[in-house]
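K.L.:
pasted the sequence and its predicted model underneath.
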2 protein chains.
Amino acid sequence: MDKNSAAAGRQPKVVGARSLVEAAYATIRHDILDGSLAPGLKLRFEMLRERYGVGASTLREALTRLVGESLVTSEEQRGFRVAEVSLDDFADLTRARKLIEVEALRQSILHGDDAWEGTLVGAFHRLSKVEAKLATGAPELRDDFEERNRDFHYALIAACPSRWLKHMHGILFQQSERYRRLSLAARDESRDVHAEHEAVLEAALARDVDRACRLEAEHIDKTLQLLSRRFAPKT
Amino acid sequence: MDKNSAAAGRQPKVVGARSLVEAAYATIRHDILDGSLAPGLKLRFEMLRERYGVGASTLREALTRLVGESLVTSEEQRGFRVAEVSLDDFADLTRARKLIEVEALRQSILHGDDAWEGTLVGAFHRLSKVEAKLATGAPELRDDFEERNRDFHYALIAACPSRWLKHMHGILFQQSERYRRLSLAARDESRDVHAEHEAVLEAALARDVDRACRLEAEHIDKTLQLLSRRFAPKT
DNA sequence: AAATCTCAAAATCTCGAAAATTTGTTGACA
DNA sequence: TGTCAACAAATTTTCGAGATTTTGAGATTT
């Protein structure tokens, strides 16, 4: 009758997670992107078991997955750490991401059909809504914003036929997301992100490949410029 | 006195491995690149425990790492499989690799100093030696050849200052290596790989960026063309 | 004082067995 | 014959304890 009463509390506590490893992975990943688990932090199993409520092997597997995404580093026999961040790394990351994302966008615009346009317009609309709300100052919407921002950027390159290019893009985009969130705590009011997105969208729909790619590259660069001015101010 | 007699046979059996996870990872990885573990093969833990002599959690972590490198796929609650291969995937992979590797080579040539040239020449020399032996028909040198070929290609782009670009390249190169080895079983006698490498080396040393990049791109394409002719022969 | 050594304490790493899930089989029923 | 429920077998997933390694403080030597 009550199979779940004794010691059966082993169900993933994250929506869409089909195993404890995946739930732990998703939660830890979120906390790293978030900054809750600070860059460089030593990830001790004792602490993690308490915080996430799963066994050591399970955690180990989740962390291994995060190592593969360069969100966590590991040294044999010396455990795991949250990956460090640096302005140099972000600058390098931004250059690499521009190379990949711009090429993917180029191919996507060349191959995209009406269905692609539809999805793209939809993603832009959803992003716009949360951007508007965010502008009125509602910090609890940051997760929403990041999700829809990701959806929009993925929708832009969705029609690119190269699975490997999109895979590379995914890795770099996730890293960028981390830097963006760490910097988003204090937003730059002088920047109109919505207008940047809208400009890229219009160029993409107009099939103006060169303009779309140029705007996208500038858009990617903006966050780096913002962070550079804040943390290396040789005023 | 005999600490190792009872049940203490827990030392990594792979050179350079500092843990059983790493040893298992390296061995399984080798067997996949090799073809010993065929594409699509279901990786059952029973079989893996017998074959590699380590526990389930250890294997699980090694496999998770391989999933991160796209050499293994996994479906929740349904286990792991060796990643499939296809001509389409290889074609896509080759295009992506050309984009990344050529850009990395361009930057490497622009930034490389004398030390870089020295390492590069050394790597080419070591590769040449094993190529010569391989030509006389010595299949047991395949591992050696692959290692030195990898070293040479890494040496070419070693002076590229972008860590992320080199990281992307590493992922794509490893995938290519798998296809190369699967195709290497029957080599194409009409192809002079040594000459291709030498031409790239000369252009790189001469700091002729455009020529080096063109030659490298052609070199990368050759294996795809070879495989295409063999497996899609509309003769 | 600096370097080396010793040896507990702390942390990581590994295993085997139990729990949970999927897969395969059998037989009832239409 | 075909469908489906119930049960059994096979497989994956998870945990906790023990084995192994690293860390750090204090003692000893140079």
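P.N.:
Looks like it arrived, so ask away.

K.L.:
show me chain A divided up by domain.
P.N.:
A:20-82, A:87-231 (automatic domain parsing).

K.L.:
could you report the pLDDT at residue A:9?
P.N.:
pLDDT, residue A:9: 53.

K.L.:
sorry, that was for residue A:192
P.N.:
So, for residue A:192, pLDDT stands at 89.

K.L.:
that's a helix at residue A:81, yeah?
P.N.:
No - Residue A:81 sits outside any helix when classified using DSSP: H, G, I helix; E, B strand; the rest coil, being strand.

K.L.:
residues touching it, list them.
P.N.:
A:40, A:41, A:42, A:43, A:72, A:73, A:74 (Cβ atoms under 8 Å, 6 or more residues apart in numbering or on different chains). Where C-beta positions appear, they are placed from N, C-alpha and C, glycine not excepted.

K.L.:
weakest of the domains of chain A in terms of mean pLDDT?
P.N.:
domain A:87-231 (a mean of 93).

K.L.:
start to end distance for it?
P.N.:
8 Å (Cα to Cα, to the nearest Å).

K.L.:
what residues does residue A:58 make contact with?
P.N.:
A:20, A:21, A:24.

K.L.:
how about these in a markdown table, adding distance to residue B:231 and neighbour count?
P.N.:
Output for these, formatted as a markdown table (distance: Cβ to Cβ, whole Å; neighbours: other Cβ atoms under 10 Å in any protein chain shown):
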| residue | distance to residue B:231 | neighbour count |
| --- | --- | --- |
| A:20 | 42 | 21 |
| A:21 | 37 | 22 |
| A:24 | 42 | 28 |
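
K.L.:
inside helices: which ones of the residues you listed?
P.N.:
A:20, A:21, A:24 (DSSP state H).

K.L.:
restrict those to contacts with DNA strand D.
P.N.:
A:20, A:21 (Cβ under 7 Å from any atom of the strand).

K.L.:
looks like residue A:212 contacts residue A:205 (just checking).
P.N.:
No - counting by Cβ atoms under 8 Å, residue A:212 does not reach residue A:205; the two are 9.0 Å apart.

K.L.:
between those two, which is the more surrounded one?
P.N.:
Between residue A:212 and residue A:205, counting by other Cβ atoms under 10 Å in any protein chain shown, residue A:212 is the more crowded of the two (24 against 15).

K.L.:
quick one: the more buried one is in a strand?
P.N.:
No - using three-state DSSP, the secondary structure at residue A:212 is helix, not a strand.

K.L.:
grab the nearest non-local neighbour of it.
P.N.:
residue A:203 (3.7 Å; Cβ to Cβ, 6 or more residues apart in numbering or on different chains).

K.L.:
then residue A:117?
P.N.:
Among residues not flanking residue A:117 along the chain, residue A:205 sits closest, at 6.1 Å (Cβ to Cβ, 6+ apart).

K.L.:
how near is the one you found to residue B:114?
P.N.:
Noted for residue A:205: a distance of 51 Å to residue B:114, by Cβ to Cβ, to the nearest Å.

K.L.:
could the ones in helices among the contacts of residue A:58 go into JSON lines alongside distance to DNA strand C?
P.N.:
Below are these laid out as JSON lines (distance: Cβ to the nearest atom of the strand, whole Å):
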{"residue": "A:20", "distance to DNA strand C": "9"}
{"residue": "A:21", "distance to DNA strand C": "12"}
{"residue": "A:24", "distance to DNA strand C": "15"}
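
K.L.:
reformat the ones in helices among the contacts of residue A:58 as JSON lines; add distance to residue B:126.
P.N.:
JSON lines is the format used below for those (distance: Cβ to Cβ, whole Å):
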{"residue": "A:20", "distance to residue B:126": "47"}
{"residue": "A:21", "distance to residue B:126": "41"}
{"residue": "A:24", "distance to residue B:126": "44"}
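
K.L.:
out of everything not next to it in sequence, what's closest to the residue of chain A found nearest chain B?
P.N.:
When scored by Cβ to the nearest Cβ, chain A has residue A:68 as its residue closest to chain B, at 2.6 Å. Excluding the flanking residues, the one nearest residue A:68 by Cβ to Cβ, 6+ apart is residue B:68, at 2.6 Å.

K.L.:
and if you look at residue A:37?
P.N.:
residue A:31 (4.5 Å).

K.L.:
next, that neighbour: secondary structure please.
P.N.:
Under three-state DSSP, residue A:31 comes out as helix.

K.L.:
what's the burial count for it?
P.N.:
15.

K.L.:
and the lengthiest helix in chain A, what's buried?
P.N.:
Of all segments of type helix in chain A, defined using DSSP H, the longest is helix A:87-111. Across helix A:87-111, burial judged by 16 or more other Cβ atoms under 10 Å in any protein chain shown covers A:89-90, A:92-109.

K.L.:
likewise for stretch A:191-201?
P.N.:
A:193, A:196, A:197, A:199, A:200, A:201.

K.L.:
quick one: residue A:26 is in a strand?
P.N.:
No - secondary structure of residue A:26 (three-state DSSP): helix, not part of a strand.

K.L.:
ok, it touching residue A:18?
P.N.:
No - in this structure residue A:26 lies outside contact range of residue A:18 using Cβ under 8 Å: 11.1 Å.

K.L.:
comparing the two, which shows the higher neighbour count?
P.N.:
Neighbour count, other Cβ under 10 Å: between residue A:26 and residue A:18, residue A:26 has more, with 17 against 13.

K.L.:
which positions in chain A make contact with chain B?
P.N.:
Contact residues, chain A versus chain B (Cβ under 8 Å from any Cβ of the partner chain): A:18-19, A:22, A:57, A:60-61, A:64-65, A:67-70, A:76-77, A:89, A:92-93, A:95-97, A:99-100, A:103, A:161-165, A:167-168, A:171-172, A:175.

K.L.:
return stretch A:179-194 as CSV; C-alpha atoms alone will do.
P.N.:
Taking C-alpha atoms only, stretch A:179-194 is exported to CSV below (Å, rounded to 0.1, in the frame of the first residue of the first chain):
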residue,chain,number,x,y,z
TYR,A,179,29.9,35.4,-17.7
ARG,A,180,26.8,37.3,-18.7
ARG,A,181,25.0,36.3,-15.5
LEU,A,182,28.0,37.2,-13.3
SER,A,183,28.0,40.6,-14.9
LEU,A,184,24.2,41.0,-15.1
ALA,A,185,24.0,41.7,-11.3
ALA,A,186,24.6,45.4,-12.2
ARG,A,187,23.2,46.0,-15.6
ASP,A,188,24.2,48.7,-18.0
GLU,A,189,21.3,51.1,-18.5
SER,A,190,22.9,52.7,-21.5
ARG,A,191,22.7,49.4,-23.5
ASP,A,192,19.5,48.5,-25.3
VAL,A,193,19.7,44.8,-25.6
HIS,A,194,16.2,44.6,-27.0
